[in-house]
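Trainee: With the input below, show me the fold.
(chains A and B)
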Amino acid sequence: MEYPWYDVVDGDDLAQGDFIDSCPIIIPPPSMNEDDTINANVCEYDVVIMSQSCDLENRKIDLVLLCPVWPLSKFEERSSFFKSKKGKEELRRGNTTGYHLLNECNIENFKREFSVVDFRNAYSVSINFLIDLVQERGERLRLLPPYREHLSQNFARFFMRVGLPDGIPPFK
Amino acid sequence: MACQLAKSDTSNAYPMGYPSAPSSVIIDNSPKLRPSTCEIDAILGPQPTFEIELSSIIASFKTKSETFSARTHANNIIVDDILEYDVTVHMPPKNKYDLKLRIIDKRTAEPKIVEPDWI
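Mentor: Predicted coordinates for the structure are as follows:
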């Protein structure tokens, strides 16, 4: 049985798995005071919402957790590992810590190639800001179950990992 | 114990085989894994009615369970297939620019308390 990966939605009902293209992330200077005028860096990322849908729906959070999403081809440009067939296959199998592969999308006007979610560089933005942004933008792509749950579970696996000393020397 | 069961619950006309499951033998605490000829005679009686298949009398201890097969298979898995790759790729932002901002308010954040639903 095949499940569709994506759907197109609009409106302000944010959910886990919603894609927001060119989402601005403001990088403030280290110090600032009231009435100051400051120069702040703004970085734009294509992102996917990682916060749980129920928290968004019931407004139990003020900040929405976002992870950057990159076209696989961009990843290949910057990493020989991911350029290799072996690297891409390991990414597909879920064996690459911190990265999650998403399928390509063939929906008209929302076509996209295979993409990679980067769990290591998560951002949070105000939920009010995000609602205003999606209302202004209109339609957006949404990742559908069960792939949404797969993404969420993979993020949880990445976040829960603990690096511990071995304690026991290797057998000789 | 197996011999007692055989004597009390089994008629001589229907021979009971020696327990073939390895666990039964272990519980029996018997140092001998194979019964002697006289023990077999005691179990089966002097004149068994049916032809006896020896495999049911002399236990075969070669385990053929699924667990055993899986373990054997696990030894054949190439180690390379079960490793995780910890590769980091530093990606620059899609777009980057400066913005002039006027700070209109600066305050210490207050916690947002979300009480459990069942309270």
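Trainee: tell me which residues of the longest strand anywhere in chain A are tucked away?
Mentor: Longest strand in chain A by number of residues, with DSSP state E as the criterion: strand A:37-49. Using 16 or more other C-beta atoms under 10 Å in any protein chain shown as the test for burial, strand A:37-49 gives A:Cys43, A:Tyr45, A:Asp46, A:Val47, A:Val48, A:Ile49. All C-beta atoms are positioned from the backbone trio N, CA, C, and that covers glycine.
Trainee: Direction included, what does it pair up with?
Mentor: Strand pairing for strand A:37-49, using DSSP bridges, gives strand A:19-27 (antiparallel), strand A:63-71 (antiparallel), strand B:95-102 (antiparallel).
Trainee: next helix or strand past it?
Mentor: Using DSSP states H and E, the next helix or strand after strand A:37-49 towards the C-terminus is helix A:53-57.
Trainee: returning to that earlier point: could you dump the buried residues of strand A:37-49 to TSV with pLDDT?
Mentor: TSV is the format used below for these (pLDDT from 0 to 100):
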residue	pLDDT
A:Cys43	94
A:Tyr45	95
A:Asp46	96
A:Val47	97
A:Val48	98
A:Ile49	98
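Trainee: Figure out how far stretch A:9-16 is from the centre of its chain.
Mentor: 15 Å (C-alpha atoms, centre = their mean, to the nearest Å).
Trainee: Close to chain B: what parts of chain A are there?
Mentor: Counting by C-beta under 8 Å from any C-beta of the partner chain, chain A comes close to chain B at A:22, A:25-26, A:28, A:32-46, A:60-62, A:68, A:70, A:74-75, A:78-79, A:81-82, A:87, A:90, A:95-99, A:118, A:120-121.
Trainee: Backbone dihedrals for A:Leu143, please?
Mentor: Dihedral pair for A:Leu143: phi -80, psi 130, per degrees, to the nearest 10.
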